[in-house]
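Undergrad: Sequence below, structure please.
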Amino acid sequence: MNYYNRTKESYPHLTKGLKKIAEALLANPIMFATYSAKKNAETLDVSETMVVRFSKAIGYRGYRELQLDVQHSLLSLKLDSDELFKKNENSFESIMNVDAQNILHVSSNMDWNIVEQIVETLLKAKEIKVVGYYHSFSYAHWFSFILNSLLTNTSLYRPETDSGIMNKGNEYCVVIFSYYRYALESIRIAEEAKENGNTVIIITDSVLSPISHLGDYVLSIQIAQNSIMEKGPVTFSLLNSILLHLAKKMEKVELVNPIKKYYIK
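TA: Purely as a prediction, here's the structure:
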C-alpha cells in the first residue's frame, strides 16, 4: 500500500493537526519527496515532531520511510515530468503539458468507486439541482446543461431567482461545486439540502474544505496549487468522464457526441 492509500485509509482516525499534514501530502506530494521533516513543519506551521508522528500514524517507521515511498510513487508516474518541461515553461505546449500532468495525477488518485456511485445516484434521481458560485459557476453551468440533455430533470441553481432548495427527500439530488475560497452561499445551500434529506454530491478541492462534511458523496480534486487556471482543465476532464459514463449507460452517446448532426465535407 503506497503513501496515498495509507493516508486515505488512516485519514478519518487522525487528529485535526495530523489531518492538516495529510491534506498537504495528498495535495502536494512533491513537497514531501524533496523537503525534510523540519522544512515541511515550517511550511505547514506545525512542529517537526507532529510531522514525524503523522508518518508513524499512517504506518511508517518514521519520516524518512514515508519520504522514500513518496519518491518511489512519483517516479512511477506515467509521464516523465522532466520531459514536460524541456521546452520554455511559458510556451503553449508546456502549459498544456502541465494540465495533462495534473489530470493524470488526479486520475491516478481518484476513488472511482465513489464516481460510479455518483453516476448511479444521478441516474436514479427524480430531480437534480446543480450549484456553483463565483468561479465555480462555470463548472455548474456546463455540467447542468449537458446533464439535462441526458436526463431532462436537471437545472442550474440561479441565486438571482431561486430562493433555496425546496424539495424534500433523498430522491432529489443536489450537486455543489465549492472551490477555494469556498463561498458561504454554497455551504448554506448544502446545509439546507441536508436538512431536507436530499442526496448531496460535493465536488471540491480538499477533503478538509468547510463543505466536505455535508456531502453524501465527495469528490476531491487535489492539485498542488490553488490556481483557478490549473483546476479548470482537471475539473472539466472529470466531469466529462462522468457524463460520458452516464451517456453510455443510457445508450445516448450521440447526445453528447452528435457527429451525425453535422455536415463535414
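Undergrad: going forward, measure contacts between C-alpha atoms and count neighbours the same way
TA: Noted.
Undergrad: where does this protein dip in pLDDT?
TA: By pLDDT under 70, the weakly predicted segments of the chain are 75-90, 223-227, 255-265.
Undergrad: Show me the residue at the heart of it, geometrically.
TA: residue 221 (2.1 Å; CA atoms, centre = their mean).
Undergrad: For this protein, just list every one of the helices.
TA: With helices called from DSSP state H, the chain shows them at 3-10, 16-27, 29-34, 37-44, 48-57, 63-75, 81-84, 92-109, 112-124, 137-151, 184-195, 228-250, 253-256.
Undergrad: how about JSON lines for these, with distance to residue 172 and mean neighbour count added?
TA: Rendered in JSON lines, the data for those read as follows (distance: least, CA to CA, whole Å; neighbours: other CA atoms under 10 Å):
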{"stretch": "helix 3-10", "distance to residue 172": "29", "mean neighbour count": "16"}
{"stretch": "helix 16-27", "distance to residue 172": "31", "mean neighbour count": "19"}
{"stretch": "helix 29-34", "distance to residue 172": "37", "mean neighbour count": "18"}
{"stretch": "helix 37-44", "distance to residue 172": "40", "mean neighbour count": "16"}
{"stretch": "helix 48-57", "distance to residue 172": "39", "mean neighbour count": "19"}
{"stretch": "helix 63-75", "distance to residue 172": "40", "mean neighbour count": "17"}
{"stretch": "helix 81-84", "distance to residue 172": "43", "mean neighbour count": "12"}
{"stretch": "helix 92-109", "distance to residue 172": "28", "mean neighbour count": "16"}
{"stretch": "helix 112-124", "distance to residue 172": "9", "mean neighbour count": "15"}
{"stretch": "helix 137-151", "distance to residue 172": "13", "mean neighbour count": "18"}
{"stretch": "helix 184-195", "distance to residue 172": "9", "mean neighbour count": "18"}
{"stretch": "helix 228-250", "distance to residue 172": "18", "mean neighbour count": "16"}
{"stretch": "helix 253-256", "distance to residue 172": "24", "mean neighbour count": "14"}
